[in-house]
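A.B. asks: how would this look folded up:
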Amino acid sequence: MKSIAGKHVVLIGFMGTGKTEVGRLLAAALSRRFVDTDAWIEKESRMTVQEIFATLGEAAFRQKEAEALAVLCRQKGLVLATGGGIILNPQNVLLLRETGYVIWLDAEMEELARRLAGDNTRPLLKGGVDFREIYHRREELYRNAAHVRVDTTGKTPIAVSEEILALLWQDVA
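C.D. replies: Presented below is the predicted three-dimensional model:
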């Protein structure tokens, strides 16, 4: 197995790539605790991500995200599903790479469009914003932050988690 003992398995990527669902499956398979950073922020803040964006703004959310990451990364061996914008802060990226094995879940534009169609729960998709524009601004950041990229296009969360497990096990023997 890759040297992930004591390290986190970290899922990064754009909204709609399956980080939360794949993360839950990986955590179960690896007998690790699963934490979704957005859910953790919501619990700690007693506000939804949507409410934080609406009342406090994106900058306040990004600050809460960095604070959450600092707390979570002090723990050992979690499976972390991160918010899509966590890579916007270079300090977050350094912390993730130092404490974890970072896996970029990605998908083709058509697949993302299908998965995100009608989703009004994501603050950055409000007001007719084109998700492609956001994706293109972040793509290089995901690439640079990740140890490995996994394409989720046309795959079930189970198939993606099995692919990741195979990656983690490939150095055995």
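A.B. asks: neighbours of Thr82, how many?
C.D. replies: By the criterion of other Cβ atoms under 10 Å, Thr82 has 27 neighbours. C-beta coordinates here come from the backbone N, C-alpha and C atoms, glycine included.
A.B. asks: tell me where the protein has strands.
C.D. replies: Assigned by DSSP state E, the chain shows strands spanning 8-13, 34-36, 79-81, 100-106, 148-151.
A.B. asks: flag the shaky bits of this protein, pLDDT-wise.
C.D. replies: The chain contains residues with pLDDT under 70 at 1-3, 118-129, 171-173.
A.B. asks: can you show me the helices along it?
C.D. replies: Applying DSSP state H to the chain gives helices spanning 19-30, 37-45, 49-55, 58-72, 90-99, 109-116, 131-145, 157-169.
A.B. asks: out of the ones you listed, deepest packed?
C.D. replies: Sort the helices of the chain by mean neighbour count, taking mean count of other Cβ atoms under 10 Å, and helix 19-30 sits at the top with a mean of 20.
A.B. asks: and that helix with strand 8-13, angle?
C.D. replies: 160 degrees (axes from the mean of the first three to the mean of the last three Cα atoms, to 10 degrees).
A.B. asks: pretty sure Gly77 contacts Ala27?
C.D. replies: No. If you go by Cβ atoms under 8 Å, Gly77 and Ala27 don't touch, sitting 10.0 Å apart.
A.B. asks: now the common contact residues for these two.
C.D. replies: Common contacts of Gly77 and Ala27, defined by Cβ atoms under 8 Å, 6 or more residues apart in numbering, comprise Arg33.
A.B. asks: can you pull the contacts of Val150?
C.D. replies: When contacts are counted by Cβ under 8 Å, 6+ apart, Val150 is found next to Ile103, Trp104, Leu105, Asp106, Val160, Glu163, Ile164, Leu167.
A.B. asks: quick one: residues contacting the fourth one.
C.D. replies: Residues in contact with Asp106, defined by Cβ under 8 Å, 6+ apart, are Gly13, Phe14, Thr17, Tyr142, Arg149, Val150, Asp151, Thr152, Thr153.
A.B. asks: need the strands of the chain in JSON lines (columns: distance to Lys43).
C.D. replies: Converted to JSON lines, the strands of the chain look like this (distance: least, Cβ to Cβ, whole Å):
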{"stretch": "strand 8-13", "distance to Lys43": "19"}
{"stretch": "strand 34-36", "distance to Lys43": "10"}
{"stretch": "strand 79-81", "distance to Lys43": "14"}
{"stretch": "strand 100-106", "distance to Lys43": "21"}
{"stretch": "strand 148-151", "distance to Lys43": "28"}
